[in-house]
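Visitor: sequence and predicted structure are below.
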Amino acid sequence: MSEQGATTTSKVMTYIMALLAVLFGIMTIKSGGQVLFGNASYRVAAGDYVSFVLWFNFIAGFIYLIAGVGIALRKPWAAAVSLLLAVSTLLVFAAFGLHIFADGAYETRTVAAMTLRSTVWIVISILVYRQLIRR
């Protein structure tokens, strides 16, 4: 592949990651905000949600937006923000695992959601590092 083709591919990958981060952030803020601040029907529909996981994800949604903008602008700090999101999500996931281990109530879909969030931010942080730092 020519150098120009590699640069174009790199830019397209960067914009895809940025778009994914922003969309993921919007969806996270919307869904978390409904449960936290919406009427009781949202909390009932959420089932046995775990408050610290819900609050973390809601707040992280705003940081997803910041990361997405930084990625789109190809700012090197976006790699650090992405890594922070990956590591903090894994730490909250581990705390959630301890909550489950201690027989705390939870929804199985939270396990799936945290697996997805962890995977997405690990992959984004690796790709952003490769695109923006290790050029």
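Guide: Structure received. Only a predicted model underlies this, so the values are computations on that prediction, with no experimental measurement involved.
Visitor: name the SS class of residue 25, please.
Guide: Under DSSP: H, G, I helix; E, B strand; the rest coil, residue 25 falls in the helix class.
Visitor: burial measure for it, as a count.
Guide: 20 (other C-beta atoms under 10 Å). Heads up, the C-betas are built off the backbone N, CA and C, glycines and all.
Visitor: from residue 82, how far off is it?
Guide: Distance of residue 25 to residue 82, computed by C-beta to C-beta, to the nearest Å: 12 Å.
Visitor: find residues that contact each of the two.
Guide: Taking C-beta atoms under 8 Å, 6 or more residues apart in numbering as the contact rule, residue 25 and residue 82 both touch residue 67.
Visitor: let me know the helix or strand that the nearest residue to residue 100 once chain neighbours are set aside is in.
Guide: Excluding the flanking residues, the one nearest residue 100 by C-beta to C-beta, 6 or more residues apart in numbering is residue 106, at 5.6 Å. Secondary structure from DSSP states H and E places residue 106 outside every helix and strand.
Visitor: and residue 88, by the same measure?
Guide: Element membership for residue 88, per DSSP H and E: helix 77-101.
Visitor: residues of the helix or strand residue 52 falls within that come out buried?
Guide: Taking DSSP H and E as the criterion, residue 52 maps to helix 51-72. With burial defined by 16 or more other C-beta atoms under 10 Å, the residues of helix 51-72 counted as buried are 53-54, 56-58, 60-61, 63-72.
Visitor: off-centre distance for the strand or helix carrying residue 17?
Guide: Secondary structure assignment for residue 17, by DSSP H and E: helix 3-37. Remark: helix 3-37 is offset 9 Å from the chain centroid, using C-alpha atoms, centre = their mean, to the nearest Å.
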